[in-house]
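Engineer: compute the structure for the input listed below.
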Amino acid sequence: KVGGSESMMGSALAVAAFLELPAMGLFSRVRRKVPLAWLLIFCAAFFVIRTGLFWAARSVPVLYLAAALDFFEYGIFIPATVYYVAEHIDPANQVKGQSLMGMATTGVGSAFGNFVSGQLLDRTGVNGMLLFCTICATVGLLVVIYAVRKKFERLEALDGPTHNKMMDYFRKYLLVGGLPDAVNSYLENHNIQLVREIQQEIHDYYAADASKYDEERKLKIRRIYDLIPSNMENKKKRVVAQSIEDKKGKTFADYQDEFEYLISAGIALNVQAISNPVFPLVESTGKNLLKLYLNDVGILTGILYGNNIRAVLDDEASINLGSVYESVVASELIAHGYELFYYDNRHKGEVDYLIDDYATLSAVPIEVKSGKDYTIHSALNSFVKNEDYHIQKAFVVSNERTVSMKGKIVYIPIYYIMFFQHGLEDSEAMRF
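Structural biologist: Numbering: from 1, shown residues only. Predicted coordinates:
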């Protein structure tokens, strides 16, 4: 097929076997930086790529390239399965777990695969056999991705090391944000000062980008935009109309065009206040109260903490990251198609976010906690107990690894917010 010989194929397999050794030697170092679940997905993907290259190869160099990819395949897969069993099986059953894993992969699985491949080789030739192997590898990759996704959907906690790595990624995201130029700069240089310079340029551009308005209105837009970080640090976090120009008697109606510009341009994210949280929430927005968030959390942490990355990465008790966490949740939910509201009651307090659940035709409250006291939320408790609101389930997101449920309130890690999206209503996580 490729113009080679049996000796060339033997050399290619020898290269593959040789490259497995350095991959295994580097695994423990890589494991400290990459969650185990993603490593398994990574090597599953290379099973597909490598087998596909063998099938599609039309020259000897491509054959050798396919063999070299064993570095990313078995070289990672073998130690990854050992770590996986060690982290997910109780100590009393460790030996049994490792034995079953070995039997399923290099034992029974390998023997069955060799038998089927031999039959296919006799009946369909090399091309048919390799095509079948590529299809099997693709199915295996899809199964791995599905299993990881179901772990999130079922609200099962990640293991300790994976949780710590997820939180490490999350805190870095708080610093870098999601602006493409900032992300690319960080990936290339890992220099937060360069990232901050890019964020500052974009922040200044946003603040000045109101040229279609007259000078007076441009100044109002700039003032509202500049007030967002300080408003978020206040207890109520909402916009106070009278503080925009420091004039008493001013209302939201006086700045309707300015708010509309910031929101429609995507520069600011709005969360509308609501006092009667019944489905659909949009029908109950009657109060002239709203909260505005910056559209990128990296810009916010740049304004609040500058180049001091330790304030975010070290999770210091003296630093309150509440507004930062809320910004992440707001941007994630809006990106996933939700219209955001928050509950505001002078006597009962405030709940950070409300979203519509179309499966049960009810509202879902979400409380965001950045500290250790994530179980303290009197306003949410009162909200959930109010039978007039017909609340089926509420969420508290925090730094805590474990997933637990107390009454109608579910406690989940902050990074699970990325799986809140329309279309998951049938999963256990989103079955309100």
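
Engineer: what are the ranges of the strands in the protein?
Structural biologist: Taking DSSP state E to define them, one finds strands in the chain at 268-274, 290-294, 341-345, 349-357, 362-368, 394-398, 404-406, 409-413.

Engineer: in the fourth one, which residues are buried?
Structural biologist: Going back to what we said before, that points to strand 349-357. Buried residues in strand 349-357, defined by neighbour count with 16 or more other CB atoms under 10 Å: E350, V351, D352, Y353, L354, I355, D356, D357. From N, CA and C alone the C-beta is placed, and that goes for glycine too.

Engineer: angle of that strand against strand 341-345?
Structural biologist: On the basis of axes from the mean of the first three to the mean of the last three CA atoms, to 10 degrees, strand 349-357 is oriented at 150 degrees to strand 341-345.

Engineer: in its sheet, what does strand 349-357 sit against?
Structural biologist: Strand 349-357 sits in its sheet next to strand 341-345 (antiparallel), strand 362-368 (antiparallel), going by DSSP bridges.

Engineer: neighbouring contacts of the shortest one?
Structural biologist: Residues lying outside strand 341-345 but in contact with it, judged by CB atoms under 8 Å, 6 or more residues apart in numbering, are 238, 271-275, 277, 281, 285, 287, 289, 291, 350-355, 365, 379, 383.

Engineer: returning to what we had before: from the buried residues of strand 349-357, pick the one nearest S398.
Structural biologist: D352 (11.9 Å; CB to CB).

Engineer: does the closest one touch S370 like I think?
Structural biologist: No: assessed by CB atoms under 8 Å, D352 is found out of contact with S370, at 11.3 Å.

Engineer: quick one on the thing from earlier: what's the closest of the strands paired with strand 349-357 to K150?
Structural biologist: K150 lies closest, by CB to CB, to one member of the strands paired with strand 349-357: strand 362-368, at 20.8 Å.

Engineer: buried residues in the closest one, which are they?
Structural biologist: S362, A363, V364, P365, I366, E367, V368.

Engineer: and the second one, what pLDDT?
Structural biologist: Reading off the per-residue confidence, A363 sits at a pLDDT of 91.

Engineer: now do stretch 342-358: distance from first to last residue.
Structural biologist: End-to-end distance of stretch 342-358 (CA to CA, to the nearest Å): 18 Å.

Engineer: what about L304, how many residues nearby?
Structural biologist: By other CB atoms under 10 Å, the residues close to L304 number 18.

Engineer: nearest residue to it other than its sequence neighbours?
Structural biologist: Leaving aside its chain neighbours, L304 sits nearest to P229 (6.5 Å; criterion: CB to CB, 6 or more residues apart in numbering).

Engineer: state the distance from that neighbour to Y173.
Structural biologist: Computed as CB to CB, to the nearest Å, the P229 to Y173 distance reads 18 Å.

Engineer: mind checking which of the strands of the chain is nearest L187?
Structural biologist: L187 sits nearest to strand 290-294 of all these, at 22.1 Å, using CB to CB.

Engineer: for that closest one, give the mean pLDDT please.
Structural biologist: For strand 290-294, the mean pLDDT works out to 89.

Engineer: which other helices and strands contact that strand?
Structural biologist: If contacts are counted by 3 or more CB pairs under 8 Å, 6 or more residues apart in numbering; DSSP states H and E, strand 290-294 sits against helix 215-233, helix 256-264, strand 268-274, helix 322-335.

Engineer: so where is the stretch 301-432 of the chain shaky, pLDDT-wise?
Structural biologist: Low-confidence segments of the stretch 301-432 of the chain (pLDDT under 70): 317-318, 422-432.

Engineer: how about the stretch 51-200 of the chain?
Structural biologist: In the stretch 51-200 of the chain, residues with pLDDT under 70: 88, 90, 105-107, 141, 144-145, 147-149, 152.

Engineer: helices of that one, start to end?
Structural biologist: Residue ranges of the helices in the stretch 51-200 of the chain, as given by DSSP state H, counting those that start in this stretch, are 60-68, 74-88, 94-102, 108-153, 160-176, 180-189, 192-208.

Engineer: can I get those helices in CSV including mean neighbour count and distance to G298?
Structural biologist: As requested, those are arranged in CSV below (neighbours: other CB atoms under 10 Å; distance: least, CB to CB, whole Å):
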stretch, mean neighbour count, distance to G298
helix 60-68, 17, 38
helix 74-88, 19, 31
helix 94-102, 14, 41
helix 108-153, 14, 24
helix 160-176, 17, 5
helix 180-189, 14, 6
helix 192-208, 17, 5
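
Engineer: any chance of the ones you listed in TSV, plus distance to T301?
Structural biologist: Formatted as TSV, the helices of the stretch 51-200 of the chain follow (distance: least, CB to CB, whole Å):
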stretch	distance to T301
helix 60-68	41
helix 74-88	32
helix 94-102	42
helix 108-153	26
helix 160-176	6
helix 180-189	11
helix 192-208	9
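
Engineer: in a markdown table, list the strands paired with strand 349-357 along with distance to E73.
Structural biologist: As requested, these are arranged in a markdown table below (distance: least, CB to CB, whole Å):
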| stretch | distance to E73 |
| --- | --- |
| strand 341-345 | 48 |
| strand 362-368 | 41 |
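
Engineer: quick check: which of those strands is nearest to S117?
Structural biologist: From the strands paired with strand 349-357, taking CB to CB, the stretch that ends up closest is strand 362-368, at 50.0 Å.

Engineer: can you list contacts of that closest one?
Structural biologist: Here strand 362-368 makes contact (CB under 8 Å, 6+ apart) with 277-279, 281, 322, 325-326, 329, 333, 343, 351-357, 377, 380, 383-384, 389-398, 414, 432.

Engineer: same check, this time on stretch 30-40
Structural biologist: Contacts for stretch 30-40 (CB under 8 Å, 6+ apart): 42, 76-77, 79-80, 83-84, 87, 144, 148, 151, 158-159, 161-162, 165-166.

Engineer: do I have it right that D315 meets N399?
Structural biologist: Yes: here D315 reaches N399: they are 7.1 Å apart, a contact under CB under 8 Å.

Engineer: separation between L219 and M232?
Structural biologist: To M232, L219 is 21 Å away according to CB to CB.

Engineer: between the two, which one's more packed in?
Structural biologist: Legend: neighbour count by other CB under 10 Å for L219 and M232, higher for M232 (21 against 14).

Engineer: show me the contacts for the more buried one.
Structural biologist: M232 makes contacts with K291, Y293, L300, S323, E326, S327, as judged by CB under 8 Å, 6+ apart.
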